[in-house]
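Provide a 3D model corresponding to the input given below.
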Amino acid sequence: AVENGISPWDTRDDGPVDIDGWQPTNYGHREYGTVTLASALAHSINTVTAGLAQEVGIKTVIKAARSAGITSPLEANASLALGTSEVTPLELTAAYATFASGGMKAEPYFVTEVEDSRGHIYYARKNATPVRTIPEDANMDLTAMLYDVVLEGTGHAARLPDREAAGKTGTTQ
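As a prediction, the model looks like this:
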């Protein structure tokens, strides 16, 4: 949504949603009224998230996930924006690392160098040329939104007094 010109400060109404018979609810069946999109993300307001995914289109959601580093098959269904498709922990880590690296694609790797006992190097990983996959302005907004999740939202228990952190918790049906 942010990459498509929707601002984190735009508002949406949190209310009942019906998408072809699927009716997402919020954790604890709580309703929040009119909220900013940043607040909806911070507080895991599923109804707003699901509605926003319909607004921008599920194909757009899949494209954004691919840009961030998700490679697993993604079901093009209404609940996708709530994280209902399975992805590997490595993919999820790569996607968050893409946000943390300023929108530059993070390529996970396991080995940086292999050498024998005499110091002969058999393999040395070459650093890839950075590739921007998330526009800088959109990434700054997304990172600020993820920061708010930890600062004041559902991830506040992960807040550390001497470190900045950003992240996302998950609540779904």
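
which helices and strands does the helix or strand containing residue 99 pack with?
Taking DSSP states H and E as the criterion, residue 99 maps to helix 89-100. For helix 89-100, the packing partners by 3 or more C-beta pairs under 8 Å, 6 or more residues apart in numbering; DSSP states H and E come out as helix 58-68, helix 136-152. (Glycine included, C-beta is placed from N, CA and C.)

contacting residues around the shortest one?
So that's helix 58-68. Applying C-beta atoms under 8 Å, 6 or more residues apart in numbering, the set of residues contacting helix 58-68 from outside is 3-4, 53, 74, 76-78, 80-81, 94-95, 98-99, 105, 133-134.

can you pick out the most distant pair from those residues?
Using C-beta to C-beta, the contacts of helix 58-68 span at most 27.7 Å, a distance reached by 78 and 105.

the helix or strand of the chain with the lowest mean pLDDT to helix 136-152, inter-axis angle?
Between all helices and strands in the chain, the lowest mean by mean pLDDT, DSSP states H and E belongs to helix 89-100, at a mean of 92. Put simply, helix 89-100 runs at 110 degrees to helix 136-152, going by axes from the mean of the first three to the mean of the last three C-alpha atoms, to 10 degrees.

start at 147 instead
Renumbered: residue one is now 147, and that last one reads helix 235-246.

just the CA coordinates of helix 235-246, formatted as PDB?
Extracted in PDB, the C-alpha atoms of helix 235-246 (Å, rounded to 0.1, in the frame of the first residue of the first chain):
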ATOM      1  CA  PRO A 235      12.300 -18.700   8.700                       C
ATOM      2  CA  LEU A 236      15.200 -17.900   6.300                       C
ATOM      3  CA  GLU A 237      12.900 -16.100   3.900                       C
ATOM      4  CA  LEU A 238      11.200 -14.200   6.700                       C
ATOM      5  CA  THR A 239      14.600 -13.100   8.000                       C
ATOM      6  CA  ALA A 240      15.700 -12.000   4.600                       C
ATOM      7  CA  ALA A 241      12.500 -10.000   4.100                       C
ATOM      8  CA  TYR A 242      13.000  -8.100   7.400                       C
ATOM      9  CA  ALA A 243      16.700  -7.700   6.600                       C
ATOM     10  CA  THR A 244      15.700  -6.000   3.400                       C
ATOM     11  CA  PHE A 245      13.800  -3.400   5.500                       C
ATOM     12  CA  ALA A 246      16.700  -3.000   7.800                       C
END
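
if you count neighbours, what's buried in that helix?
Neighbour-count burial for helix 235-246 flags 237, 238, 240, 241, 242, 243, 244, 245 (criterion: 16 or more other C-beta atoms under 10 Å).

understood, closing this out.
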